[in-house]
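Student: only geometry, no sequence info:
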DNA sequence: GATTATATCGTAACGATTACTATTTAAGTT
DNA sequence: AACTTAAATAGTAATCGTTACGATATAATC
């Protein structure tokens, strides 16, 4: 099933309406799946296809998408909330690599934490429902300031 | 060596002064090592022993401590920055368990990620300098709303 | 002791987010 | 189809954490 009708069903299941505004916002997120957009960035992009849309609606819609576990609200330390589309199973968040030279943010979509979660359960009596794993560091190719240009676009942490 | 003289040396090494205000703030952090205090909380606590201290000084000092890698600035999703004392080796941040029933925040001080960091290096050509690992979930003892009282104190995420 | 740099204080300014009121749109009812 | 009720949007004002700024105080240097 394609993403948008999948999401549409999630809305319906909770008696939420997939209004044109909400659909426009979801499409922006799908079109920029690789990025971690801020509210302001979503707002700018969505205004291209839906000029009349208000900022408050973006905030409300992203909050709703969060509640439905379609996106994850994250904070990478740059003062704005960023939103990350969850996978189709909506189970866990992916892991992140954050380059401190160029600011690039890459995702690891596998779940590397299965074993550690079992260990947490065993040793701490703690049942894990979600996790967050970020690595900060540098790409080998970035050590010689290879990709500083990107930094302006998405400064992170 | 005790913590405060250790920190004192770190200040001196970078030609920063350990003023009475800064020392008062550091002591609050040491006295509440287990917690993850917000700026406002540090401000309230430090005012008990140093009533004249200003809020801006708290912000500046915590920023400085961050720069010296004595504390780590974190964001658990409740809208305020929180600060966590790093270990004595100042190498890596600890992992966190965040209970979604009671809001409790526990630390795992071991580093469970050595292997995964090697894997990141190998598979992604990414050299890790720091990491962040949070688990969200529930304690077995919390499943029956065992400790809701604490929630008011430190709502997280 | 004069000079210069560093740190603090209090508050104003800023910026992201939330709250609020009026208006619009959709859904349900007779 | 008109009426009623509920849900969603728009625009903006208010809130709140954080940062910036000018004035003052403290410490270091000569």
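Tutor: Arrived safely, thanks for sending. As the structure is a computational prediction, the values presented were derived from the model and not from experiment.

Student: in chain A, what residue is nearest DNA strand C?
Tutor: residue A:81 (3.4 Å; Cβ to the nearest atom of the strand). In this view, the C-beta of every residue, glycine as well, is placed from N, C-alpha and C.

Student: ok, that residue to DNA strand D distance?
Tutor: Distance of residue A:81 to DNA strand D, given as Cβ to the nearest atom of the strand, to the nearest Å: 13 Å.

Student: again with residue A:16
Tutor: In terms of Cβ to the nearest atom of the strand, residue A:16 sits 4 Å off from DNA strand D.

Student: what does stretch A:69-76 rub up against?
Tutor: A:7, A:10, A:26, A:29, A:36, A:62, A:65-66, A:81-86, A:90, A:93, A:98, A:105, A:132, A:134, A:156-157, B:75, B:77 (Cβ atoms under 8 Å, 6 or more residues apart in numbering or on different chains).

Student: what about the residue of chain A positioned farthest from its centre, helix or strand, and which?
Tutor: Going by Cα atoms, centre = their mean, the residue of chain A most distant from its centre is residue A:123, 30.4 Å out. Assigned by DSSP states H and E, residue A:123 belongs to helix A:114-124.

Student: Are we agreed that residue A:73 is in a strand?
Tutor: Yes: counting by DSSP: H, G, I helix; E, B strand; the rest coil, residue A:73 is found in a strand.

Student: And for it, the neighbour number?
Tutor: 15 (other Cβ atoms under 10 Å in any protein chain shown).

Student: pretty sure residue A:100 contacts residue A:139?
Tutor: No: using Cβ atoms under 8 Å as the test, residue A:100 is too far from residue A:139 to be in contact (9.8 Å).

Student: Compare these two and say which is more crowded by neighbours.
Tutor: residue A:139 (19 against 16).

Student: ok, the more buried one to residue A:106 distance?
Tutor: Distance, residue A:139 to residue A:106, using Cβ to Cβ, to the nearest Å: 9 Å.
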